[in-house]
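Asker: got a sequence here, can you model it:
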Amino acid sequence: MDNITKAVQYYENGYMCSQAVFAAFAEEFGITEKQALQIGACFGGGMNKGEVCGACTGALMVLGMKYGQFDLNDTASRAKGGAMAVKFLDEFEKRKGSYVCCDILGCDLRTDEGRSFARSKGLFRTLCPEMVRTAAEILTELLGDES
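Answerer: This next block holds a predicted model:
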């Protein structure tokens, strides 16, 4: 099963968007499924505040695993990681109009009313799986371009 399908499946099985994307790719970078699900747990729903889409955050975590700086003297990796994050977010915004959860869903998830609106309109079942799919597709493309 490819990572795009795995990401959507994780989401459809009840995991948060951030968990779904991160877990689908994590084992390739030495993170277990359990670790990935735990690390990604608090980033769904735009960090539970409708900010940056959790599917995007999961993808950014994967990009960090591949390109993230860990040696303070390695400024090239810092630049590369930042550039890849911007490239990912720009492409996501181009395809979906925004990478901000509240903009994508059209409601404010910081409020009870906003969360109720999203649930009543089925947005978590209709829009969010497509965001997970798109994030995983872009991530697959970016990682493939760098091979």
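Asker: out of the helices and strands in this protein, which is least certain?
Answerer: Least confident helix or strand, the chain: helix 44-45 with a mean of 91, by mean pLDDT, DSSP states H and E.
Asker: what about that one, distance to the chain center?
Answerer: Offset of helix 44-45 from its chain centre (Cα atoms, centre = their mean, to the nearest Å): 9 Å.
Asker: dump stretch 87-106 to PDB, restricted to CA.
Answerer: Extracted in PDB, the C-alpha atoms of stretch 87-106 (Å, rounded to 0.1, in the frame of the first residue of the first chain):
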ATOM      1  CA  LYS A  87       7.700  24.700  -1.100                       C
ATOM      2  CA  PHE A  88       5.300  22.200   0.500                       C
ATOM      3  CA  LEU A  89       3.000  25.000   1.900                       C
ATOM      4  CA  ASP A  90       3.000  27.000  -1.300                       C
ATOM      5  CA  GLU A  91       2.000  23.900  -3.300                       C
ATOM      6  CA  PHE A  92      -0.700  23.000  -0.800                       C
ATOM      7  CA  GLU A  93      -2.100  26.500  -0.900                       C
ATOM      8  CA  LYS A  94      -2.000  26.500  -4.700                       C
ATOM      9  CA  ARG A  95      -4.000  23.300  -4.800                       C
ATOM     10  CA  LYS A  96      -6.400  23.900  -1.900                       C
ATOM     11  CA  GLY A  97      -6.600  27.700  -1.600                       C
ATOM     12  CA  SER A  98      -5.200  27.800   1.900                       C
ATOM     13  CA  TYR A  99      -3.200  25.800   4.400                       C
ATOM     14  CA  VAL A 100      -5.100  27.300   7.300                       C
ATOM     15  CA  CYS A 101      -7.700  25.000   8.800                       C
ATOM     16  CA  CYS A 102     -10.300  27.700   9.600                       C
ATOM     17  CA  ASP A 103     -10.100  29.000   6.000                       C
ATOM     18  CA  ILE A 104     -10.400  25.500   4.600                       C
ATOM     19  CA  LEU A 105     -13.300  24.500   6.800                       C
ATOM     20  CA  GLY A 106     -15.000  28.000   6.700                       C
END
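Asker: how about the nearest residue to Asp103, chain neighbours excluded?
Answerer: Nearest non-adjacent residue to Asp103, counting by Cβ to Cβ, 6 or more residues apart in numbering: Gly97, 7.2 Å away. Where you see a C-beta, it was placed from the backbone N, CA and C, and this is true even at glycine.
Asker: cool, thanks, signing off.
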